[in-house]
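Novice: Coordinates for the following, if possible.
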Amino acid sequence: MKRILAIVGDYYHKYEWAQESLLKALQPYQDVKLVFTETGQLLEKLGEKPDAVVLFKEDRVNPNEKEVSTWMTNEISQSIVDYVENGGNWVAWHAGLASFPVEGSYTQMLRGYFLSHPEKHQSVRYVSSGENLIVSETINFNIMDEHYFVHVDEANTNVFLRSESVDGESIAGWYHKYGNGRVVCLTPAHNQEGLMNSEFLSVLGKCVHWVSE
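Specialist: Below is the predicted model:
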């Protein structure tokens with residue numbers, strides 16, 4: 001049985017929606033035990049060496065306040081990197097790519113990060129990108145979403161999903177080995193409708209399955 005640790009939900013991203021989405025995405029995989037935890041317990045839980053960790057939570061704790069606090073300390077960032085280098089596996093999902101220090105060890109491990117999204121949600125098309133290890137079939141679906149625009153070090157990762165909307169085009173999914181571990185980054189989805197979309201759920205499940213193989 002593979003133990004998957006998940007940290008989901010923040011000011012802008014509803015915990016219950018992300019929790020339900022992840023539970024549904026992993027339903028086809030009978031060899032997975034999903035455990036939800038909080039950032040305050042992450043260091044302790046990493047010490048228990050889960051098979052993979054899924055992060056759907058941005059770094060800002062109180063983004064609308066004048067004095068903004070963050071939770072990812074240098075110690076936590078380095079502990080995550082050490083965990084992956086030593087054979088752990090990481091999925092940075094949507095908010096898990098957002099507001100972390102660009103030069104920090106966590107973001108450097110991801111080899112990509114969130115830049116911006118348009119204020120208005122639009123219909124976003126997600127399409128698979130060439131042969132890859134995540135999805136074997138052709139992916140092509142539309143959802144109303146917060147279209148994430150990201151910076152990705154394409155030369156040092158593998159792009160498997162791209163996005164397009166009236167606001168432009170971007171990379172939506174990439175993966176790579178990191179030390180003895182694996183990293184997957186996935187930008188959709190924000191709304192409850194998108195999080196529950198069957199085609200999206202299939203992609204999310206395959207991302208978690210690949211890192212934890």
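
Novice: so where's the longest helix in the protein?
Specialist: helix 198-212 (DSSP state H).

Novice: where's that helix relative to the chain centroid, distance-wise?
Specialist: 11 Å (CA atoms, centre = their mean, to the nearest Å).

Novice: which ones are touching the spatially most central residue of the chain?
Specialist: The residue lying closest to the centre of the chain (CA atoms, centre = their mean) is residue 93, at 1.4 Å. Residues in contact with residue 93 (CB atoms under 8 Å, 6 or more residues apart in numbering) are 54-56, 185-186, 204, 207. Every residue, glycine included, has its C-beta placed from N, CA and C.

Novice: And the helices in this structure?
Specialist: Under DSSP H, the chain gives helices at 15-25, 42-47, 74-85, 105-110, 192-195, 198-212.

Novice: With adjacent residues omitted, what lies nearest to the residue nearest to the centre of the chain?
Specialist: residue 56 (4.6 Å; CB to CB, 6 or more residues apart in numbering).

Novice: re the thing from before, let me have the helices of the chain in TSV, adding mean pLDDT and distance to residue 152 as columns.
Specialist: TSV is the format used below for these (pLDDT from 0 to 100; distance: least, CB to CB, whole Å):
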stretch	mean pLDDT	distance to residue 152
helix 15-25	98	22
helix 42-47	97	25
helix 74-85	97	18
helix 105-110	98	9
helix 192-195	96	21
helix 198-212	97	15
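
Novice: mind checking how far the residue lying farthest from the centre of the chain is from residue 72?
Specialist: Distance to the chain centre peaks in the chain at residue 66, reaching 27.3 Å (criterion: CA atoms, centre = their mean). As judged by CB to CB, to the nearest Å, residue 66 and residue 72 stand 20 Å apart.

Novice: of the contacts of residue 93, closest to residue 152?
Specialist: Closest approach to residue 152 among these (CB to CB): residue 185, at 7.9 Å.

Novice: Leaving out sequence neighbours, find the closest residue to the closest one.
Specialist: residue 92 (4.6 Å).

Novice: and what of residue 117?
Specialist: residue 146 is the one closest to residue 117 (CB to CB, 6+ apart), at 4.8 Å.

Novice: Now do the one you found: how many residues are near it, please.
Specialist: 21 (other CB atoms under 10 Å).

Novice: Kindly report the same for residue 28.
Specialist: By other CB under 10 Å, 12 other residues sit near residue 28.

Novice: about what we covered before: tell me which residues in the longest helix of the chain are buried?
Specialist: 200-212 (16 or more other CB atoms under 10 Å).

Novice: Check stretch 89-106 too.
Specialist: 89-100, 104-106.

Novice: Select, out of the helices of the chain, the one closest to residue 121.
Specialist: Once these are compared by CB to CB, helix 192-195 is nearest, at 9.1 Å.

Novice: What does residue 64 show for phi and psi?
Specialist: Backbone torsions for residue 64, taken as degrees, to the nearest 10, come to phi -90, psi 0.

Novice: Next, the angle helix 15-25 makes with the longest helix of the chain.
Specialist: 80 degrees (axes from the mean of the first three to the mean of the last three CA atoms, to 10 degrees).

Novice: As CSV, could you dump the C-alpha coordinates of helix 198-212?
Specialist: Provided in CSV are the C-alpha atoms of helix 198-212 (Å, rounded to 0.1, in the frame of the first residue of the first chain):
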residue,chain,number,x,y,z
SER,A,198,-13.8,13.6,-15.2
GLU,A,199,-11.0,14.2,-17.8
PHE,A,200,-9.1,16.4,-15.4
LEU,A,201,-9.5,13.9,-12.6
SER,A,202,-8.0,11.2,-14.8
VAL,A,203,-4.9,13.4,-15.5
LEU,A,204,-4.5,14.2,-11.8
GLY,A,205,-4.8,10.6,-10.8
LYS,A,206,-2.1,9.6,-13.4
CYS,A,207,0.2,12.3,-12.1
VAL,A,208,0.1,11.0,-8.5
HIS,A,209,0.3,7.4,-9.8
TRP,A,210,3.4,8.1,-11.8
VAL,A,211,5.4,9.8,-9.0
SER,A,212,4.5,7.0,-6.6
